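Q: Okay, here's the prediction I keep looking at, along with the sequence it came from:
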Amino acid sequence: MLRSPAYALLSLAALVAAAPALGQPQGTVGQYSDVTIEGTILEPEPITVSDDAELAGLISVPEGFTVEVVGRDLGNTRMLATHGGHVYATRRTEADVIRLDDDDGDGKYDGFTVVAARPGMHGIAFHEDSAYLVTVNEVYTAPVAEDGSFGDLTMIIDDLPDGGQHPNRTLAIGPDGKLYITVGSTCNACAETNPENATIVRANLDGTGRTIFASGLRNTIGFGWEPTSGRLYGADHGTDWLGDEEQQEEFNLVEQGKKYGWPYVYDFSNFNPQDNPPEGMTLEQWAEQSEEPVLGYTAHAAPMQMTFYTGTAFPEEYRGDAFIAMRGSWNRRPPSGYEVTRVDFEDGEAVSWDHFAEGFLIENEGGGYGFLARLAGITQTDDGALLVADDFNGILYRISHEQAAGDEASMPASPPDVTETPAPSDIAIELVEAEGSLDVSSASFEQDGMIPLEHAAEGHNASPPLEWGDAPEGTQSFVVIVDDPDAAEPKPFVHWVLFDVPGTATGIREGLGTDPVLQEPEGAKQGVNSRGQIGYMGPRPPLGDPAHHYHFQVFALDIAELPVEPGAKREDALAAMEGHVLAKGEVVGLYERPGPEQPVN
């Protein structure tokens, strides 16, 4: 029976950021000096309905659709996936993966079988006959048997960033055959010390070659590829404590190398008054370098797993649309979320984001709120229905349509804008013409000598000191580029792009920072390396490779500043340098991995 809960409300009206901001953002436009923000804590209470038909009847869906309860007592069901006719769910609290069992074939799940277990288990995906699973720090793969059981788990990644506020990783295999992994931020809004936080990273299916695909994404749990265009979209969690109506949840077109605003800019180019951009950058510059979302949705609704509908059991107007489980708010009055939403796509373009399955949130007569479910997982079944998981009550819902199924839609074999544009095979110094030469050296290693561990990525990752002495007359600035031409992909692998080093410099010290604009050397700017992060990345050749050659190249320019922004790519810097290089030189160091890295399974 439906029970009205004892309504519990804890209101934090007017406290969260009521004091003046601790510091003003850089820049001359849009600065904040005294900002008052009112926030609310409102956590609806759970409502228990024991009868399946009664519970399903409380859920509102468009005409022609049907809701059924098809599973109970399943635990903390989070992400869902289907493979080979089987349905799987990850369970964060129980730290495992379960296969749902329908022994009598009636379409309802009478029980489950644990097929894998590891602490922090959350994301799940399948590729051919292999399962891919992700915890906070690790990615595992396992063979899948015909009966849906898993073989032994093999760890292929062991060093994803620690979790913090958003430890729940998800993953998927892209149409390009690469592994995409979401890594949430460690905080509500802050400057991360690990550049892989608040990103989507991409790796080969064996876990090698990991790079940052896109950044500035606070916590994109749900993502996927639109079936007709093959473009990647994701639903990102907005920042809390900006008020009941802000930040909107974001639906982003996620493209390689792009930034999406967090933590300094949110939804449609609004500035976050709480945090300052890196020293030397303005909020306006950060916004200009960031992509705005395609669509926004009610603040604090908490988008979770997302699936694109590729079947034909739903009416035509729903095919190719994205469906997102919304877990629900705690930081808004009235509450938001507690529903399934739909992003309507027309001709491959997202045009609206609206309600689809509602009724999981109930407002009581006294003004309080209760919830029937906190939705987390959503997936499409082989017969074209949607399964939705409630991670609070362990209940599984099925949403179907009376229309008969037909031919299945197909995914494109090779979508645009997914594969990485290969970098030029030549190192930078071979691409640049200059009459003069620079005598480049390092106090840390000799020419063709071994680079010490402290300058390697697995060591201290500190940039080595470089010296180049006096430059030709007319030198206004220097550019430093570090290339590894021995890397398999990309070739060369770019480890550092540093530009606008003052023309009076005769070298740079050891261990420069990772900000886009540096205070030492003053005014110097940094580009993005092949890992997808700003600043220096030390040597990290594949285990077992012979020593790679790392070319530390220095260029003297007759202009004080390159006409490119901080975070520029090597090819952009090289194009901007053309015709301005007075002299060039390099010192080459070697590095070979000192020991095994493969974890014990």
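A: Structure received. Here the structure is a predicted model, which means the values were calculated and not measured. Numbering: from 1, shown residues only.

Q: Could you find the closest non-adjacent residue to Gly209?
A: Ala203 (5.8 Å; CB to CB, 6 or more residues apart in numbering). All C-beta spots, glycine's among them, are computed from the backbone N, C-alpha and C.

Q: do the same with Asn393
A: Ala373 (6.2 Å).

Q: confidence score at that neighbour?
A: Note for Ala373: predicted pLDDT of 98.

Q: ok, it - contacts?
A: Applying CB atoms under 8 Å, 6 or more residues apart in numbering, we find Ala373 in contact with Tyr338, Phe360, Asp390, Phe392, Asn393, Ile395, Tyr397.

Q: Confirm the fifth one sits in a helix?
A: So the one you mean is Asn393. No. Under DSSP: H, G, I helix; E, B strand; the rest coil, Asn393 sits outside any helix and is assigned coil.

Q: list the contacts for Ser130?
A: By CB under 8 Å, 6+ apart, the neighbours of Ser130 are Thr141, Ala142, Pro143, Val144.

Q: who's it bridged to?
A: His127, Pro143 (DSSP bridges).

Q: From Leu512, how far off is it?
A: Separation of Ser130 from Leu512 (CB to CB, to the nearest Å) stands at 41 Å.

Q: do Trp262 as well
A: Taken as CB to CB, the span from Trp262 to Leu512 is 25 Å.

Q: Compare these two (neighbour count), which wins?
A: Trp262 (27 against 22; other CB atoms under 10 Å).

Q: isn't that one right up against Thr239?
A: Yes. Taking contacts as CB atoms under 8 Å, Trp262 lies within contact range of Thr239: 7.1 Å.

Q: Between those two, which contacts overlap?
A: With CB under 8 Å, 6+ apart as the test, Trp262 and Thr239 both reach Ala189, Arg218.

Q: wait, Leu253 sits on Glu291?
A: Yes. Using CB under 8 Å, Leu253 is in contact with Glu291, at 7.4 Å.

Q: neighbour count winner among these two?
A: Leu253 (21 against 16).

Q: What does the pLDDT read for the spatially closest residue to the more buried one that is not a sequence neighbour?
A: Spatially, and ignoring its direct neighbours in sequence, Leu253 is nearest to Val294 (5.3 Å; CB to CB, 6+ apart). Val294 is assigned 98 on the pLDDT scale.

Q: quick one: contacts for Val294?
A: Here Val294 is in contact with Tyr233, Phe251, Asn252, Leu253, Ala350 (CB under 8 Å, 6+ apart).

Q: Tell me the backbone dihedrals of the last one, please.
A: What it means is Ala350. phi -80, psi 120 (degrees, to the nearest 10).

Q: can you pull up the bridge partners for it?
A: Phe345.

Q: Report the contact partners of it.
A: Here Ala350 is in contact with Tyr233, Phe251, Leu253, Val294, Leu295, Ala322, Val343, Asp344 (CB under 8 Å, 6+ apart).

Q: among those, which two are most distant?
A: Leu253 and Asp344 (15.0 Å; CB to CB).

Q: before we move on, the earlier item: how much space between the residue nearest to Leu253 and Ala301?
A: Counting by CB to CB - Val294 and Ala301 are separated by 16 Å.

Q: on that earlier part again, in the sheet, which residues pair with the residue nearest to Gly209? Tell me.
A: Leu179.

Q: Tell me how many other residues crowd it.
A: Should you count by other CB under 10 Å, Ala203 turns out to have 19 residues around it.

Q: ok, which stretches of the chain are helices?
A: If DSSP state H is used as the criterion, the helices of the chain fall at 52-57, 283-289, 428-431, 570-577.

Q: so what's the closest residue to Ala322 other than its chain neighbours up against?
A: Leaving aside its sequence neighbours, Ala322 sits nearest to Val343 (CB to CB, 6+ apart; 4.0 Å). Residues near Val343 by CB under 8 Å, 6+ apart: Tyr233, Phe251, Leu295, Asp321, Ala322, Phe323, Ile324, Ala350, Ser352, Trp353.

Q: Could you tell me which of these count as buried?
A: Tyr233, Phe251, Leu295, Asp321, Ala322, Phe323, Ile324, Ala350, Trp353 (16 or more other CB atoms under 10 Å).

Q: Quick one: end-to-end distance for stretch 289-305.
A: Length of stretch 289-305, first residue to last, CA to CA, to the nearest Å: 28 Å.

Q: do stretch 189-201 as well
A: End-to-end distance (CA to CA), stretch 189-201: 20 Å.

Q: residues of that stretch that come out buried?
A: So for stretch 189-201, counting by 16+ other CB under 10 Å, buried means Ala189, Cys190, Glu192, Pro195, Glu196, Asn197, Ala198, Thr199, Ile200, Val201.

Q: cool, stretch 90-102 as well?
A: Thr90, Arg91, Arg92, Glu94, Ala95, Asp96, Val97, Ile98, Arg99, Leu100, Asp102.

Q: Tell me the gap between it and the middle of its chain.
A: Remark: stretch 90-102 is offset 24 Å from the chain centroid, using CA atoms, centre = their mean, to the nearest Å.

Q: what's across from the closest residue to Gln248 other than its chain neighbours in the sheet?
A: Computed as CB to CB, 6+ apart, the closest residue to Gln248 that is not its neighbour in sequence is Gly296, at 3.5 Å. Gly296 forms beta bridges with Glu250, as assigned by DSSP bridges.

Q: residues touching Gly296, list them.
A: Contacts of Gly296 (CB under 8 Å, 6+ apart): Gln248, Glu249, Glu250, Phe251, Asp267, Phe268, Trp353.

Q: Provide a list of residues in contact with Leu58.
A: Neighbour list for Leu58: Leu2, Val49, Gly359, Ile362, Leu372 [criterion: CB under 8 Å, 6+ apart].

Q: er, Leu133 actually
A: Thr90, Val97, Ala116, Arg118, Met121, Gly123, Ile124, Val139, Tyr140, Thr141, Ala142, Leu153.

Q: If we use 6 Å, what do you get?
A: Leu133 is in contact with Ile124, Tyr140, counting by CB atoms under 6 Å, 6 or more residues apart in numbering.

Q: can you list the domain ranges for the chain.
A: 45-401, 428-591 (automatic domain parsing).

Q: Could you export stretch 353-373 as CSV, CA atoms only?
A: C-alpha atoms of stretch 353-373 as CSV (Å, rounded to 0.1, in the frame of the first residue of the first chain):
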residue,chain,number,x,y,z
TRP,A,353,15.1,17.6,-23.5
ASP,A,354,11.8,16.8,-21.8
HIS,A,355,10.0,14.4,-19.4
PHE,A,356,9.2,10.9,-20.5
ALA,A,357,8.4,8.7,-17.5
GLU,A,358,7.2,10.6,-14.4
GLY,A,359,5.5,9.9,-11.1
PHE,A,360,8.4,8.6,-9.1
LEU,A,361,8.3,11.9,-7.1
ILE,A,362,5.2,12.6,-5.1
GLU,A,363,4.2,15.9,-3.4
ASN,A,364,2.2,15.4,-0.2
GLU,A,365,-0.7,17.4,0.9
GLY,A,366,1.4,19.1,3.6
GLY,A,367,3.9,20.4,1.1
GLY,A,368,6.5,17.6,1.7
TYR,A,369,7.9,15.3,-0.9
GLY,A,370,8.5,11.6,-1.2
PHE,A,371,10.0,9.3,-3.8
LEU,A,372,9.2,5.9,-5.2
ALA,A,373,12.6,5.4,-6.8
